[in-house]
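*Asks:* Any chance you could fold what I've pasted below:
(2 chains)
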2 protein chains.
Amino acid sequence: MIHKDHPRYESLKLRAMIVNAHKIGILADSGMIAHGRGEAFDYLISEKTSSNAIKAVKAAAAALLLAENPVISVNGNTAALVPEKIVKLAKEIPSQIEINLFYRTDKRINVIEKVLKNAGAENILGTNQDEKAIIKGLDGPRSYSSKNGIYIADVVLIPLEDGDRAEALTKLGKLLITIDLNPLSRTAKTSNITIVDNIVRAIPNLIKAIKELRDTDPLVLHVIVENFDNKENLQKTLENISKNYTGVNK
Amino acid sequence: MIHKDHPRYESLKLRAMIVNAHKIGILADSGMIAHGRGEAFDYLISEKTSSNAIKAVKAAAAALLLAENPVISVNGNTAALVPEKIVKLAKEIPSQIEINLFYRTDKRINVIEKVLKNAGAENILGTNQDEKAIIKGLDGPRSYSSKNGIYIADVVLIPLEDGDRAEALTKLGKLLITIDLNPLSRTAKTSNITIVDNIVRAIPNLIKAIKELRDTDPLVLHVIVENFDNKENLQKTLENISKNYTGVNK
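*Replies:* Coordinates of the predicted model:
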């Protein structure tokens, strides 16, 4: 048991969720290591949502509202940490949900499908029963996508994604939104809109932004998306982290 | 299998060692997550040994050569990544080796004891048979130390250590040397000499420095230790990381 008054309660609570998800088969071993990398990068942004992240969230919400076929991609870490919030976000947009695993096994797909159903998801793509389409430029099970999901989507929200897959999806002309705590990752640089934040904070912020922008004129939404400069936003994020980083020890 | 020509071969090789160590019971779940944090911080120093790390290595080597009762503390991640190198370093100094686990269980102690024996260690402290002494200010199994090891040591090399334990050992008046990739961690700040580097590079560097300094006049060794300013060295490390960090995306 972790006590609520522990100074690192939030971080330790997430860690316990990840360890549990590994135990019940949601997470591959590498997913546990990936969470550790996330902890380190979250620490560097003081475990807080930055104003640059909020800018990216607003652009992402506008793009998702404008999308004709939006899809939210769910991997093991996302299913471990925010299953209910993902389902809520999908209903708000509305958007499809697709299970999309780097280390895809039938067993992991089944466990994650169950987690998402328990969280209230009705229609889930990317399951073992779903019809697959192959994404060009990727090999093996990593190349799978749902024929009615990511494969035909115009906008994909793909949190915590691998760099190769992000690049392959961009080449297919999709507008890519990612949530990645490492502003230097290939996924962060490749995506059209990168939210540098912990997924447990980013998804609720996205839900809020979707609600706020829902009745906005589509032309205005277009302007919000067009005016968002991902490269500039990442650069500012890096500069802010860098300031924090040298300041803490002084 | 990871191919040697993969751009991230070294990092992926270490990750595979960690996953294997978890499987055979060397590592607690949290050790796998800790490795992920290490990966992130190693990435920020470009996975290379800095000149500041070399300065710390030199001071550490001098302190270990001057020590009357030096002890090298070995936890799960250390046993997973560098068992042979730890044994080689212990013989070079010479120093005792003590198993020292945050999540101590008899089973983990036994597995790590076996790993160290296979790596050539002859006398290992902190085992289940070894006589324990309690370190003040710590609770439960975390407070254990060997009565003939860390408890009476004057200099302790304690890589990848928890902040509470580092503070408790400093309060006992021990000279603390740590290896920690996070220059902002409590352990990094608490220790007398902090080597901000990956343990797989730091231990071989320590062995080399011990060999180079072995025949040095003890008075000169004293000057090397006295002249090392850990706070200043950490601050310079942070500034260099910060430069790398904002530069990469430009």
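*Asks:* burial count for A:Met162?
*Replies:* Not quite, residue A:162 is Asp, not Met. Using other CB atoms under 10 Å in any protein chain shown, A:Asp162 has 18 other residues around it. C-beta here means a position set from N, CA and C on the backbone, and glycine is covered the same way.
*Asks:* oh sorry, the question was meant for A:Lys107
*Replies:* 10.
*Asks:* residues in contact with the one helix or strand it maps to?
*Replies:* Taking DSSP states H and E as the definition, one finds A:Lys107 inside helix A:106-118. For helix A:106-118, contacts defined as CB atoms under 8 Å, 6 or more residues apart in numbering or on different chains pick out A:24-26, A:28, A:74, A:76, A:79, A:83, A:86-87, A:97, A:99, A:101, A:124, A:126-128.
*Asks:* immediately after that helix, which helix or strand?
*Replies:* Next helix or strand after helix A:106-118 toward the C-terminus (DSSP H and E): strand A:124-125.
*Asks:* quick one: strands adjacent to that next one?
*Replies:* Paired neighbours of strand A:124-125 in the sheet (DSSP bridges): strand A:96-99 (parallel).
*Asks:* about what we covered before: any quick ChimeraX command for the buried ones out of the contacts of helix A:106-118?
*Replies:* To isolate the buried members of these in ChimeraX, using 16 or more other CB atoms under 10 Å in any protein chain shown:
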select /A:26,28,74,76,79,83,86,87,97,99,101,124,126,127
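*Asks:* out of the contacts of helix A:106-118, which are inside helices?
*Replies:* Counting by DSSP state H, the contacts of helix A:106-118 place A:76, A:79, A:83, A:86-87 in helices.
*Asks:* in the helix holding A:Lys107, what counts as buried?
*Replies:* For helix A:106-118, the neighbour count (16+ other CB under 10 Å) marks A:108-109, A:111-113, A:115-116 as buried.
*Asks:* who touches stretch A:126-146?
*Replies:* Here stretch A:126-146 makes contact (CB under 8 Å, 6+ apart) with A:71, A:74, A:98-104, A:106, A:109-110, A:113, A:125, A:147-151, A:162, A:164-165, A:167-169, A:171-172.
*Asks:* can you pull out the helices in chain A?
*Replies:* Taking DSSP H as the criterion, chain A carries its helices at A:9-23, A:29-44, A:51-66, A:76-81, A:83-92, A:106-118, A:163-171, A:186-190, A:199-213, A:218-227, A:230-247.
*Asks:* Just the buried ones from the contacts of stretch A:126-146?
*Replies:* Applying 16+ other CB under 10 Å to the contacts of stretch A:126-146 flags A:71, A:74, A:98-102, A:104, A:109, A:113, A:125, A:148-151, A:162, A:164-165, A:167-169, A:172 as buried.
*Asks:* contacting residues around the residue of chain A found nearest chain B?
*Replies:* Using CB to the nearest CB, the single residue of chain A nearest to chain B is A:Gly36, 2.1 Å away. Counting by CB under 8 Å, 6+ apart, A:Gly36 touches B:32-40.
*Asks:* For stretch A:179-191, the averaged confidence score.
*Replies:* The pLDDT scores in stretch A:179-191 average 94.
*Asks:* Can you confirm whether it lies near chain B?
*Replies:* Yes - contact of stretch A:179-191 with chain B (CB under 8 Å from any CB of the partner chain) involves A:182-184, A:189.
*Asks:* Just give the closest residue to the spatially most central residue of chain A, not the sequence neighbours.
*Replies:* In chain A, the residue lying closest to the centroid (CA atoms, centre = their mean) is A:Pro159, at 1.8 Å. In this structure, A:Pro159 finds its nearest non-sequential neighbour in A:Ile179, 3.9 Å apart by CB to CB, 6 or more residues apart in numbering or on different chains.
*Asks:* Check the burial of the one you found by counting its neighbours.
*Replies:* Residues near A:Ile179, counting by other CB under 10 Å: 31.
*Asks:* Can you give me the separation between it and A:Ala166?
*Replies:* Going from A:Ile179 to A:Ala166 by CB to CB, to the nearest Å gives 12 Å.
*Asks:* any residues in contact with both of these two?
*Replies:* Here A:Ile179 and A:Ala166 have no joint contacts, going by CB under 8 Å, 6+ apart.
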